[in-house]
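Colleague: No letters, just coordinates:
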């Protein structure tokens, strides 16, 4: 169970995983040793799944983002194609979805030619039957942070 203090700690870590233990302790009005123990428990329980750096895609020449629905001919509940998609460089996210397509994937590429080559690789997977791709023109919001604030009730 996540209590309010754990929730506050998680919100701080989501905003900046490099926040010092002392700064977190001040923010939640606890001793640094107690905060460290809470963070370690959250990590052991898998609530904190890991830490990573967010890199500006344009800074590493991956300016083009696209989403693609991937239709397959694999049995319902089989994830072999999803695992194959996940192994392709440039595929950033793979989601098994309900609907006419089996997967929704997010890809990054340096440009449209590279995207076309990436889609050819995807199309060559044995179970893939079709893709429907949408190119992103401008990203308004992109985050991996979860909305941990407790929902407010409307009156």
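Modeller: Arrived safely. Predicted, not measured: the structure shown is a model, and the values here were computed from it.
Colleague: Do you know the pLDDT at residue 152?
Modeller: According to the per-residue confidence, residue 152 scores 63 in pLDDT.
Colleague: again, but for residue 77
Modeller: As summarised for this prediction, residue 77 has a pLDDT of 86.
Colleague: got the contact list for it?
Modeller: Taking C-beta atoms under 8 Å, 6 or more residues apart in numbering as the definition of contact, residue 77 has no neighbours. From N, CA and C alone the C-beta is placed, and that goes for glycine too.
Colleague: Distance check, it against residue 64.
Modeller: For residue 77, the distance to residue 64 (C-beta to C-beta, to the nearest Å) stands at 32 Å.
Colleague: Please apply the same query to residue 44.
Modeller: Applying C-beta to C-beta, one obtains 39 Å for the distance of residue 44 from residue 64.
Colleague: same thing with residue 56?
Modeller: Using C-beta to C-beta, we find residue 56 at a distance of 14 Å from residue 64.
Colleague: go on, residue 54?
Modeller: 18 Å.
Colleague: More neighbours: which of those two?
Modeller: Between residue 54 and residue 64, counted using other C-beta atoms under 10 Å, the more crowded position is residue 64 (20 against 9).
Colleague: so the more buried one touches residue 113, yeah?
Modeller: No - with contact defined as C-beta atoms under 8 Å, residue 64 does not count as touching residue 113 (9.8 Å).
Colleague: mind listing the helices for this structure?
Modeller: With DSSP state H as the criterion, the chain has helices at 4-15, 21-28, 32-44, 80-86, 112-123.
Colleague: which residues sit against the last one?
Modeller: So that's helix 112-123. Applying C-beta under 8 Å, 6+ apart, the set of residues contacting helix 112-123 is 64, 66, 68, 70, 85, 88, 90-91, 105, 107, 109, 128, 131, 133, 135.
Colleague: Measure how far it is from the centre of its chain, please.
Modeller: 22 Å (C-alpha atoms, centre = their mean, to the nearest Å).
Colleague: List the buried residues of that helix.
Modeller: Within helix 112-123, the residues that qualify as buried are 114, 115, 118, 119, 122, counting by 16 or more other C-beta atoms under 10 Å.
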